[in-house]
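**Q** Below are the sequence and a predicted model for it; my questions follow.
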Amino acid sequence: MNNNLNIQKICAAVMHLPLETVKPASRLIEDLGANSLDLTDIAMRLEDELGLVLTEAELLQARTPDDLEKLRRSKAVVANHGVACL
């Protein structure tokens with residue numbers, strides 16, 4: 001299963017939405033109704049399930065599940081090149 005679908009599943013689960021309503025380009029706050037607690041829960045689940053550690057600034061800048069996937073990929077590239085991830 002691809003990680004983008006995993007991220008969409010996490011978002012759907014946190015916000016109690018059907019998976020089919022969470023698209024890669026769905027805006028977490030504006031389209032899906034996420035609040036600050038939802039975003040915190042999403043961040044915790046991303047770390048637990050995918051090993052994706054986000055800073056508060058990264059979380060607030062990520063507006064869609066696709067943005068979260070792009071962050072995951074960029075952090076994976078950094079990790080694969082031996083650069084410390086903070």
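**A** Thanks, I have it. Here the structure is a predicted model, which is why all the values come from computation and not from measurement. Residues are numbered from 1 along each chain as shown.

**Q** What separation do you get for Thr64 and Asn4?
**A** 10 Å (CB to CB, to the nearest Å). C-beta: built from backbone N, CA, C; applies to glycine.

**Q** intersection of neighbour lists for those two?
**A** With CB atoms under 8 Å, 6 or more residues apart in numbering applied, the overlap between the contact sets of Thr64 and Asn4 consists of Pro24.

**Q** quick one, which of these two is more surrounded?
**A** Thr64 (22 against 16; other CB atoms under 10 Å).

**Q** surely the more buried one meets Ala25?
**A** Yes: if you go by CB atoms under 8 Å, Thr64 and Ala25 touch, sitting 5.4 Å apart.

**Q** Give me the buried positions along the host helix or strand of Asp67.
**A** Element membership of Asp67, judged by DSSP states H and E, is helix 65-80. Applying a neighbour-count criterion of 16 or more other CB atoms under 10 Å, one finds 65-69, 71-72, 75 buried in helix 65-80.

**Q** residues in contact with that helix?
**A** 3-4, 7-8, 11, 22-26, 28, 42, 46, 50, 52-54, 58, 61-62, 85.

**Q** Output that helix as CSV - backbone C-alpha positions only.
**A** Output of helix 65-80 as CSV, limited to C-alpha atoms (Å, rounded to 0.1, in the frame of the first residue of the first chain):
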residue,chain,number,x,y,z
PRO,A,65,-2.6,14.8,2.7
ASP,A,66,-0.4,15.2,-0.4
ASP,A,67,1.6,17.9,1.4
LEU,A,68,2.2,15.4,4.3
GLU,A,69,3.3,12.8,1.7
LYS,A,70,5.7,15.3,0.2
LEU,A,71,7.2,16.0,3.6
ARG,A,72,7.5,12.2,4.2
ARG,A,73,9.4,11.8,0.9
SER,A,74,11.7,14.7,1.5
LYS,A,75,12.6,13.5,5.0
ALA,A,76,13.2,10.0,3.6
VAL,A,77,15.6,11.4,1.0
VAL,A,78,17.4,13.3,3.7
ALA,A,79,17.6,10.2,5.9
ASN,A,80,18.9,8.1,3.0
